[in-house]
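Peer 1: Okay, sequence plus prediction incoming.
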Amino acid sequence: GEPVASGAAVRAAAEHAADWAAFATAAQALGTGLALLERTVAYVKERTQFGVAIGSFQAVKHRLADTLLGLEFARPLVFGAAVALASGSPGAGAEIAAAKVAAGEAAYAAARSALQSHGAIGYTAELDLSLWIGKARALRSAWGTPAECRARALDLFH
């Protein structure tokens with residue numbers, strides 16, 4: 001067949017596709033983190049230690065509150081990246097990178113908190129938690145590592 005495009009047009013199309021992939025990864029990471037938090041909150045309400053739900057312990061509450069804060073700070077960045085991408089904003093790439101690093105780090109923190117709260121059962125096939133943790137780990141680096149995304153977000157200011 002004949003080439004559909006060449007040169008700069010191909011490069012621009014590939015960069016646009018990569019932006020969409022990075023954005024989709026950020027959105028999926030945010031959803032993964034929220035799912036991990038939801039499942040962990042439900043678990044700590046049921047699991048008991050010393051005759052009380054472990055969710056009543058201050059250390060568990062603080063860890064889950066920190067997890068929620070990270071996810072809630074990532075949410076507007078993901079929404080802003082969606083608007084920038086849809087509108088064709090010239091700074092969309094940097095906004096997507098910022099959203100991806102925030103959502104990826106928040107989802108990864110949610111995975112660590114979930115595993116800490118569940119304990120060793122979180123690694124077993126008995127719970128779906130191990131699948132969600134694996135997804136959070138993979139999404140953190142897919143379509144740009146945190147370091148690459150930070151560098152791309154900072155390019156907006158230089």
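Peer 2: Structure received.

Peer 1: I'd say residue 95 and residue 80 touch.
Peer 2: Yes: with contact defined as Cβ atoms under 8 Å, residue 95 reaches residue 80; the gap is 5.7 Å. (Each C-beta comes from the backbone N, C-alpha and C, glycine too.)

Peer 1: who has more neighbours, the two?
Peer 2: Remark: of residue 95 and residue 80, residue 95 carries more neighbours, 24 against 16, as counted by other Cβ atoms under 10 Å.

Peer 1: chain center to the helix or strand harbouring the more buried one: distance?
Peer 2: Residue 95 is located in helix 92-118, with elements delineated by DSSP states H and E. Relative to its chain's centre, helix 92-118 lies at 3 Å (Cα atoms, centre = their mean, to the nearest Å).

Peer 1: what ranges do the helices span in this protein?
Peer 2: Counting by DSSP state H, the chain has these helices, from start to end: 8-46, 58-87, 92-118, 129-141, 146-155.

Peer 1: what's the most buried one of those helices?
Peer 2: Mean neighbours per residue, mean count of other Cβ atoms under 10 Å, is largest over those for helix 92-118, with a mean of 25.

Peer 1: If anything else comes up later, I'll come back, but that's it for now.
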